[in-house]
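*Asks:* have a look at this fold, sequence not included:
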């Protein structure tokens, strides 16, 4: 199993998505499903890309940085 960090590029924002999957294809499918369940209206995803991939192990994870709006 792998922990994937993906980025979903949408017209007005880029959204980080973290999923647990056995394959790259499974990660894309899981991320797509999560995006459709998270947003009220189905989002227009222009691009979905794997940014990082790690084997699952104790303490594995990602830091998701956000930039504060002014």
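*Replies:* Structure's in. What do you need? In this text the structure is predicted, and so the values were computed from the model without any measurement. Residues are numbered from 1 along each chain as shown.
*Asks:* now the residue positioned nearest the centre of the chain: which helix or strand?
*Replies:* Closest to where the C-alpha atoms of the chain average out (CA atoms, centre = their mean) is residue 17, at 1.9 Å. Here residue 17, judged by DSSP states H and E, is contained in strand 14-21.
*Asks:* so which residues of this structure form helices?
*Replies:* Using DSSP state H, the helices found in the chain span residues 24-38.
*Asks:* neighbours of the residue nearest to residue 14 when sequence neighbours are not counted, how many?
*Replies:* By the measure of CB to CB, 6 or more residues apart in numbering, the closest residue to residue 14 outside its immediate chain neighbours is residue 7, 5.5 Å from it. Placement of C-beta: from N, CA and C, glycine included. Other residues within reach of residue 7 by the criterion other CB atoms under 10 Å amount to 15.
*Asks:* assess the claim that residue 7 and residue 15 are in contact.
*Replies:* Yes. With contact defined as CB atoms under 8 Å, residue 7 counts as touching residue 15 (7.2 Å).
*Asks:* if we can go back for a sec, now the strand holding residue 17, how far from the centre of its chain.
*Replies:* Chain-centre distance of strand 14-21: 2 Å, with CA atoms, centre = their mean, to the nearest Å.
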